[in-house]
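Participant: what follows is a predicted structure for the sequence shown.
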Amino acid sequence: MQGPGPALFGILNVTPDSFSDGGDFLDPEAAARHAAGMLEEGADAIDIGGESTRPGSDPVTEEEELRRVVPVIRAILQAHPDAGVSVDTYRASTAEAALEAGARIVNDVTALRGDRRMAALVADAGCPLILMHMLGEPKTMQKEPRYDDVVREVRDFLARRADHAIAAGVDAENVALDPGIGFGKTLEHNLALLRNLEAIVGLGFPVLLGASRKRFLGRITGTEEAKDRVFGTVATTVLGYERGATLFRVHDVRANREALAVAEAVWRV
């Protein structure tokens, strides 16, 4: 999955209720224009999600997710045939339709627990797979999340899920891991994971960091509006890269791309 240097996944939520940009890109043409802008700013892939996973959100039907996601993938690839597209879903049916429409990567926030058919689908497709840690489900995940040792528990969970994926036939080189910043974690949990990201990196898979515009950044910086949390996001990107993360899921591509370019120039040997 990982080429030389860090890679950016531009976030494209085609939902009415995502925490930062809900409702902005429901129209496929508007979504495709936004994707084009992120590609021009240096996004390596566009990560498209049709179901909000913000804290307290409810799931949508399979039919609604497909209706939102597939036309957007087609619109993006019609304008930019070589664009990398990732589909953010835990449903095998949505992943299959997205791959048929031209998506190349599956990003599963349930780490293959949401749909027992997903592992076989990804194995047969031979596509990259992102496995994320989430405590509980979006509806309830932020109601007093507790861990004895958040770093150890998240690391061990991701190790087990990677083993599960590989045992199901997914190529180990196609697996990436996401500690799930903000998914069933308090501010202190998120900071502990960022501080100790090497524990996840040490499992030997590419690590994706998805801290973009999240609420814990607002608590630290005092920024109420999600769209104003660009600088806090950039800080997590650079800190994550320093600690070994190489994939970054972000809303603000240019800011993060430029920060990574500076970080690479400083640390390159």
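Facilitator: Sure, I can see it.
Participant: just the strands in the stretch 1-150 of the chain please.
Facilitator: 7-13, 45-49, 85-88, 105-108, 129-132 (DSSP state E, counting those that start in this stretch).
Participant: would TSV of those strands with mean neighbour count be doable?
Facilitator: C-beta: built from backbone N, CA, C; applies to glycine. Below are these laid out as TSV (neighbours: other Cβ atoms under 10 Å):
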stretch	mean neighbour count
strand 7-13	26
strand 45-49	26
strand 85-88	28
strand 105-108	26
strand 129-132	27
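Participant: mean pLDDT added to these, as a markdown table?
Facilitator: Below are the strands of the stretch 1-150 of the chain laid out as a markdown table (pLDDT from 0 to 100):
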| stretch | mean pLDDT |
| --- | --- |
| strand 7-13 | 96 |
| strand 45-49 | 96 |
| strand 85-88 | 97 |
| strand 105-108 | 98 |
| strand 129-132 | 98 |
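Participant: JSON lines for these, including distance to Pro59?
Facilitator: Listed next are these as JSON lines, based on distance: least, Cβ to Cβ, whole Å:
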{"stretch": "strand 7-13", "distance to Pro59": "15"}
{"stretch": "strand 45-49", "distance to Pro59": "12"}
{"stretch": "strand 85-88", "distance to Pro59": "13"}
{"stretch": "strand 105-108", "distance to Pro59": "14"}
{"stretch": "strand 129-132", "distance to Pro59": "16"}
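Participant: to Val250, which of the ones you listed lies closest?
Facilitator: The closest of the strands of the stretch 1-150 of the chain to Val250 is strand 7-13. By Cβ to Cβ, the value is 5.9 Å.
Participant: then that closest one to CSV, C-alphas only?
Facilitator: Extracted in CSV, the C-alpha atoms of strand 7-13 (Å, rounded to 0.1, in the frame of the first residue of the first chain):
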residue,chain,number,x,y,z
ALA,A,7,0.7,9.7,1.7
LEU,A,8,-2.4,11.8,2.2
PHE,A,9,-6.0,10.6,2.0
GLY,A,10,-8.3,13.5,1.3
ILE,A,11,-11.6,13.1,3.2
LEU,A,12,-14.8,13.3,1.2
ASN,A,13,-17.9,12.7,3.3
